[in-house]
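*Asks:* Kindly generate the corresponding structure for this input.
(chains A and B)
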Amino acid sequence: MTLVRPTRYPRFRRRLRTLTAAAARLRALTMIATLLLVGCSQSVVVDAEFPEAVIPALPLRIGIHYSDAFRGYQYTEDLPNDVEWYFDLGGVNTKLFDGIFSALFDITSVVENAGGDGAAFFGLDAVISPEIEAFEFSLPRQSRSDQYAVWIRYNLHIHDPTGTLITTWPVSAYGQSDARTFGASAAMEEAIIRAMRDAAASIIIGFAEEQKIREALLDDGDS
Amino acid sequence: MMQHPISIYLLRILPAVAVAGVLSGCMTTRVEESKHASTGILSGESVVILEASYHAGNETEDEFVDCVSDTLQKGRKGLNVYPDDEFVDIMFPWFEPRTMPRGPEALPTLFERPGLTARLEESGVRYIIWLSGDTEQSGSGGSMSCAVGPGGGGCFGLAWWEDDSSYEASVWDVQDGKSVGAVSADVHGTSVIPALIIPVPLIARTRAAACKGLATELRSFIVNEGPL
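*Replies:* Model (predicted):
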């Protein structure tokens, strides 16, 4: 059985104290670094459930193509005299458009590409590929109001079954949220969700009204 | 001699009332209603309170909508208030800020759309109350300085500001598809912070006063059948 010799015991305690102090310093440094990092950026990972639309479905069979950029959409902006804002809209984007398209069309299915050489989508009337063209936001101090505001510009690329582009339909959306009701990140997330609902409303109500879409998909006796 | 329980109760709340009266700023309140159709609500019916669209420049605060909603359903004579978020969800996308009806004349056409009337009947909503307006600071002045030293600290001076809370509630009867009138509340208040060592804030809570005034008037507006 090995015992600590009494003569070496004080040195062991001193070393233990040194190690403990070093670990405490390291912990403090890590905490300060974490606080600085958190203090220098605002992260908004958007997650939401969207309601089912009350609308009769159009008699169309639509393929949906989500690009990798759309599925994993992220946006970062380092504002002067402010923190860096980071947004992750990837997951919620596909959730939103799954809901829009399943309400709007009779049959939908996800396809791997939107068109291109040799693409032929048998059994489909069209393939829609959404993208985010622009994302902008403003803070209360910028707009001198109590609102966080978000603008999103979506493009809906609509291809015929051979993969030829029929049209690109731009959809602009806006959402704002009261800074007094929510915290900064929560208010910004709420403004984004409202902008996404705004986009959904525009698409659901406006799809059949859009001239090129109507001519290509709805005026040829399909509807 | 035994004291009456009500007297004890009054003695207990009197200091609190006195302090609240002293610590609140000066306010003037004006609540008006204009009614152009008879109203009334059955026990199974409810109202929904929505804020007018921000696409039309309206900036009504979310917390004001919540306040009116809470006040309206409070007490024994409270109305059934259908949750606004839930109503907008079940009607999606027809009551979004971009798509919501801009006038009662749009209601009949809107509810001709498939599925909407069924959802409306399910909700039991009889009246839609549209809130618009906001609270703004209309002026401020005075000055106050504070200092801290080894022997202690304190403030000296006087600061004041004025708030204007101006809100309107338009009431639509969805059953008849028409507007039945409106209630408005305008509250002007001056808040003051005099400081002689210790600052004593005398805050005029204009938004809370507007909420209470509007909700109280709205309740009688909807419940009372007639007069026009």
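
*Asks:* Can you tell me the closest non-neighbouring residue to B:Glu63?
*Replies:* A:Thr181 (5.6 Å; CB to CB, 6 or more residues apart in numbering or on different chains). Every residue, glycine included, has its C-beta placed from N, CA and C.

*Asks:* so what's the one you found scoring on pLDDT?
*Replies:* Per-residue confidence (pLDDT) for A:Thr181: 73.

*Asks:* Can you name the residues that contact it?
*Replies:* A:Ala187, B:Glu61, B:Asp62, B:Glu63 (CB atoms under 8 Å, 6 or more residues apart in numbering or on different chains).

*Asks:* contact partners of the helix or strand encompassing B:Asp70?
*Replies:* In this assignment (DSSP states H and E), B:Asp70 forms part of helix B:62-73. Residues from elsewhere that reach helix B:62-73 (CB under 8 Å, 6+ apart): A:178, A:180-181, B:47, B:49-51, B:78-81, B:84, B:129, B:131, B:134-135, B:167, B:169, B:207-208, B:210-212, B:214-216, B:218-219.

*Asks:* buried subset of these?
*Replies:* Neighbour-count burial (16 or more other CB atoms under 10 Å in any protein chain shown) applied to the contacts of helix B:62-73 gives A:178, B:47, B:49-51, B:79-81, B:84, B:129, B:131, B:134-135, B:167, B:169, B:207-208, B:210-212, B:214-215, B:218-219.

*Asks:* if we can go back for a sec, how far does the helix holding B:Asp70 sit from its chain's centre?
*Replies:* 6 Å (CA atoms, centre = their mean, to the nearest Å).

*Asks:* Give me the mean pLDDT for that helix.
*Replies:* pLDDT averaged over helix B:62-73 gives 94.

*Asks:* same check, this time on stretch A:58-78
*Replies:* 95.

*Asks:* Quote the end-to-end distance of it.
*Replies:* This stretch, stretch A:58-78, spans 43 Å end to end (CA to CA, to the nearest Å).

*Asks:* right, is it up against chain B?
*Replies:* No. Judged by CB under 8 Å from any CB of the partner chain, stretch A:58-78 stays clear of chain B, getting no closer than 12.9 Å.

*Asks:* Okay, buried residues for that stretch please.
*Replies:* Per 16+ other CB under 10 Å, stretch A:58-78 contains these buried residues: A:Leu58, A:Leu60, A:Arg61, A:Ile62, A:Gly63, A:Ile64, A:His65, A:Tyr66, A:Phe70, A:Tyr73, A:Tyr75.

*Asks:* Contact partners for residue 138?
*Replies:* Since you didn't name a chain, this refers to chain A. A:Tyr148, A:Ala149.

*Asks:* ah, I was thinking of chain B
*Replies:* B:Glu162, B:Asp163, B:Asp164, B:His188.

*Asks:* next structured bit after the strand or helix carrying A:Ile204?
*Replies:* Element membership for A:Ile204, per DSSP H and E: helix A:184-206. Sequence order places helix A:211-213 as the next helix or strand after helix A:184-206, per DSSP H and E.

*Asks:* Can you pull the residues of chain A lying near chain B?
*Replies:* A:50-56, A:145-147, A:174, A:176, A:178, A:180-181, A:194, A:197-198, A:200-202, A:204-205.

*Asks:* switch the cut-off to 7 Å
*Replies:* A:51, A:53-54, A:56, A:176, A:178, A:180-181, A:197-198, A:200-202, A:204-205 (CB under 7 Å from any CB of the partner chain).

*Asks:* The helix holding B:Asp70: which residues count as buried?
*Replies:* So for helix B:62-73, counting by 16+ other CB under 10 Å, buried means B:Phe64, B:Val65, B:Cys67, B:Val68, B:Ser69, B:Thr71, B:Leu72, B:Gln73.

*Asks:* Run the angle between that helix and helix A:184-206 for me.
*Replies:* Interaxial angle, helix B:62-73 versus helix A:184-206 (axes from the mean of the first three to the mean of the last three CA atoms, to 10 degrees): 80 degrees.
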